[in-house]
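Engineer: Predicted model and sequence below, questions to follow.
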Amino acid sequence: MSMPPVAIGILTVSDRASQGVYRDEGGPAIAAWLGRALTTRWHAVTRVIPDDQATIEATLIDLADVAGCALIVTTGGTGPAPRDVTPEATAAVCAKMMPGFGELMRLESLKVVPTAILSRQTAGIRGGSLIVNLPGKPSAIADCLTAVMPAIPYCIELIGGPILDTDPAVCKAFRPKAK
Amino acid sequence: MSMPPVAIGILTVSDRASQGVYRDEGGPAIAAWLGRALTTRWHAVTRVIPDDQATIEATLIDLADVAGCALIVTTGGTGPAPRDVTPEATAAVCAKMMPGFGELMRLESLKVVPTAILSRQTAGIRGGSLIVNLPGKPSAIADCLTAVMPAIPYCIELIGGPILDTDPAVCKAFRPKAK
Amino acid sequence: MSMPPVAIGILTVSDRASQGVYRDEGGPAIAAWLGRALTTRWHAVTRVIPDDQATIEATLIDLADVAGCALIVTTGGTGPAPRDVTPEATAAVCAKMMPGFGELMRLESLKVVPTAILSRQTAGIRGGSLIVNLPGKPSAIADCLTAVMPAIPYCIELIGGPILDTDPAVCKAFRPKAK
């Protein structure tokens, strides 16, 4: 009997994309990157919602607790503008914050643009789910996933989740030796 | 009709400078740096106050909500000593924190002194105001402003504030292309 | 009359080490490193406790307030697993957080392993005590102490503690000139 595919949540947070004012590009960019990087069978649980903190929190909870996503990645809503509240929503639903994700993603983005410090991206753990905020811009999404994905499979194992195997040509997942 | 000059708050937090025990050097160093960097017309709203958290909070609120400062920079009170409470006061009055500012300023200062990790500098948004903590020492102020200022004009635009133009010989303001 | 030796708390947080399932290696690694680095007379106050947040908090309070430790270093409990709560316990007992310590330790560890971003290490001040979280793995402990120790003696002086002198061949303590 084979394992069921791993559920991965892809959450686009954008007033305009959720209203159809423009097409969501962040979500598809994440799905395409993960499609190249992961060799384990997985399926995307995608959502496109407005920049409303209560809606983001409810959707993250649903993706984690009901859809059973081991990994949930968000795109959008991490800047300084009044409607940007994805990091606040993430912190509100997580038991544990992972500051190293945001630090590394900002460092990587700083190599490209000095406005990287305006990103408030973070990551955290809710039960058996790792939630990671990514930027809104597709090219920045790939840079950030390339930076943090090597640590994600081991993180998911530490919180009791499934094994995620990767194509080392795209992403070398790292697992420290047991001590 | 020309625009009114942009109000920028320069807040020196120091028990001794506020008592006249020594002359405030941080505030004038900030004003001089901004004078070289900004080509937009601006005027400084300066304050020198003791390291008292309630006083710092009240002064930040006044600079943001009454004086209408688009940018407020503080100097002093960011270390580990018992009277150093500028970051706590900043967090208390901001709706949104910007962790990337502190991370980048500590990274830059680490190139100069290993004690840079003792700085607890942060930044945050209150309404239409960006508040940024700078160190107390004049030479470190210039290093930190040089590091973060390229992102500040775009940040202020994202929170609904005025356009700040800079002299690219001192500071290249960066604005990402609209997506 | 000579000064009494400086008390330094070394707190191992590990369910298995505290139950004797395996031998504590983190605590002795810290003691050995400090033994090489410090030339001031000091003595270790060591504890080995399970990953229980209330127990960690009570032990940190005891080491700071009763044993009078100027420096308390912890090892273990900083990852994403459900039982990893050392950073939360540290934050709960500190009046002031020092984000630069965790940032620098993660940066240093990132040079060795990409999973360094999974470490949630932090540091903070409780009264006259500096509390610093270190990783669980002995080799990573040395890397992190090497990175942050140059700033620790000055930090302890700023919070009213004793002078810690170091062997510059192991660790160059840095003290900025008075302004």
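Structural biologist: Cool, the structure landed.
Engineer: Please tell me how far whichever residue of chain A sits closest to chain B sits from residue A:29.
Structural biologist: Distances between chain A and chain B by C-beta to the nearest C-beta are smallest at residue A:117, namely 3.3 Å. No exception for glycine: its C-beta is placed from N, CA and C like everyone else's. To residue A:29, residue A:117 is 22 Å away according to C-beta to C-beta, to the nearest Å.
Engineer: the more surrounded of the two?
Structural biologist: residue A:117 (25 against 22; other C-beta atoms under 10 Å in any protein chain shown).
Engineer: Quickly note the distance from that one to chain C.
Structural biologist: Per C-beta to the nearest C-beta, to the nearest Å, residue A:117 is found 13 Å from chain C.
Engineer: Buried ones in stretch A:11-23, by neighbour count?
Structural biologist: Of all the residues in stretch A:11-23, those buried under the rule 16 or more other C-beta atoms under 10 Å in any protein chain shown are A:11, A:12, A:13, A:14, A:17, A:18.
Engineer: Run through the residues that contact the residue nearest to residue A:110 when sequence neighbours are not counted.
Structural biologist: Closest residue to residue A:110 apart from its sequence neighbours, by C-beta to C-beta, 6 or more residues apart in numbering or on different chains: residue A:116 at 4.3 Å. Counting by C-beta atoms under 8 Å, 6 or more residues apart in numbering or on different chains, residue A:116 makes contact with A:106, A:107, A:108, A:109, A:110, B:100, B:151.
Engineer: so how many other residues sit close to residue A:65?
Structural biologist: Quick note: residue A:65 (other C-beta under 10 Å) scores 14 neighbours.
Engineer: and it, how far is that from residue B:20?
Structural biologist: 59 Å.
Engineer: Secondary structure element holding the residue in chain A that chain C sits nearest to?
Structural biologist: In chain A, the residue that lies nearest chain C is residue A:100 (3.3 Å; C-beta to the nearest C-beta). Counting by DSSP states H and E, the element that carries residue A:100 is helix A:99-110.
Engineer: ditto for residue A:73
Structural biologist: Assigned by DSSP H and E, residue A:73 falls in strand A:71-75.
Engineer: so who does the residue nearest to residue A:60 when sequence neighbours are not counted touch?
Structural biologist: Excluding the flanking residues, the one nearest residue A:60 by C-beta to C-beta, 6+ apart is residue A:93, at 4.9 Å. Contact partners of residue A:93, counting by C-beta under 8 Å, 6+ apart, are A:57, A:60, A:61, A:64, A:124, A:126, A:131.
Engineer: Drop anything exposed from these.
Structural biologist: The neighbour-count test (16+ other C-beta under 10 Å) marks A:57, A:60, A:61, A:64, A:124, A:126, A:131 as buried among those.
Engineer: Just the pLDDT for the closest residue to the third one other than its chain neighbours.
Structural biologist: Spatial nearest neighbour of residue A:61, excluding adjacent residues (C-beta to C-beta, 6+ apart): residue A:93 at 5.6 Å. Turning to residue A:93, the model gives it a pLDDT of 98.
Engineer: Run through the residues of chain A sitting next to chain B.
Structural biologist: Counting by C-beta under 8 Å from any C-beta of the partner chain, chain A comes close to chain B at A:25, A:79-82, A:84, A:88, A:99, A:102-103, A:106-107, A:110, A:113-120, A:136-137.
Engineer: Just these: which are in helices?
Structural biologist: A:88, A:99, A:102, A:103, A:106, A:107, A:110 (DSSP state H).
Engineer: By neighbours, which of the residues you listed wins?
Structural biologist: Ranking those using other C-beta under 10 Å puts residue A:102 first, with 25 neighbours.
Engineer: check contacts around it.
Structural biologist: Here residue A:102 is in contact with A:119, A:120, A:121, A:122, A:123, A:133, B:99 (C-beta under 8 Å, 6+ apart).
Engineer: Show me what the most centrally placed residue in chain A is bridged to.
Structural biologist: Residue closest to the mean C-alpha point of chain A, counted by C-alpha atoms, centre = their mean, is residue A:73 at 1.9 Å. Taking DSSP bridges as the rule, residue A:73 bridges to residue A:10, residue A:132.
Engineer: If I look at it, what pLDDT would I see?
Structural biologist: 98.
Engineer: Then residue A:141?
Structural biologist: For residue A:141, the model assigns a pLDDT of 97.
Engineer: Make sure it is indeed in a helix.
Structural biologist: Yes - the assignment for residue A:141 is a helix, going by DSSP: H, G, I helix; E, B strand; the rest coil.
Engineer: close enough to count as contact, it and residue A:32?
Structural biologist: No - with contact defined as C-beta atoms under 8 Å, residue A:141 and residue A:32 do not form a contacting pair (9.5 Å).
Engineer: Please say which of those two ends up with more neighbours.
Structural biologist: Higher neighbour count among residue A:141 and residue A:32: residue A:141, with 21 against 13, using other C-beta under 10 Å.
Engineer: what about the strands in chain A?
Structural biologist: A:6-13, A:42-49, A:71-75, A:96-97, A:123-126, A:129-134 (DSSP state E).
Engineer: could I get these as a markdown table with distance to residue A:165?
Structural biologist: Formatted as a markdown table, the strands of chain A follow (distance: least, C-beta to C-beta, whole Å):
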| stretch | distance to residue A:165 |
| --- | --- |
| strand A:6-13 | 10 |
| strand A:42-49 | 10 |
| strand A:71-75 | 13 |
| strand A:96-97 | 25 |
| strand A:123-126 | 21 |
| strand A:129-134 | 16 |
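Engineer: what about the closest residue to residue A:160 other than its chain neighbours, distance to residue B:45?
Structural biologist: Residue nearest to residue A:160 in three dimensions, not counting chain neighbours: residue A:128, with 5.2 Å by C-beta to C-beta, 6+ apart. Residue A:128 sits 51 Å away from residue B:45, going by C-beta to C-beta.
Engineer: So what's the residue count around the closest residue to residue A:131 other than its chain neighbours?
Structural biologist: Excluding the flanking residues, the one nearest residue A:131 by C-beta to C-beta, 6+ apart is residue A:72, at 4.6 Å. By the measure other C-beta under 10 Å, the count of residues near residue A:72 is 26.
Engineer: Tell me who's in contact with residue A:72.
Structural biologist: A:8, A:9, A:10, A:11, A:60, A:63, A:64, A:129, A:130, A:131, A:132.
Engineer: follow-up on the earlier one: hang on, isn't the residue nearest to residue A:160 packed against residue A:158?
Structural biologist: No - applying C-beta under 8 Å as the test, residue A:128 and residue A:158 come out as separate, 10.4 Å apart.
Engineer: which parts of chain A sit against chain C?
Structural biologist: A:96-101, A:103-104, A:125, A:130, A:148, A:150-151, A:154-155, A:158-160, A:172, A:174-176, A:179.
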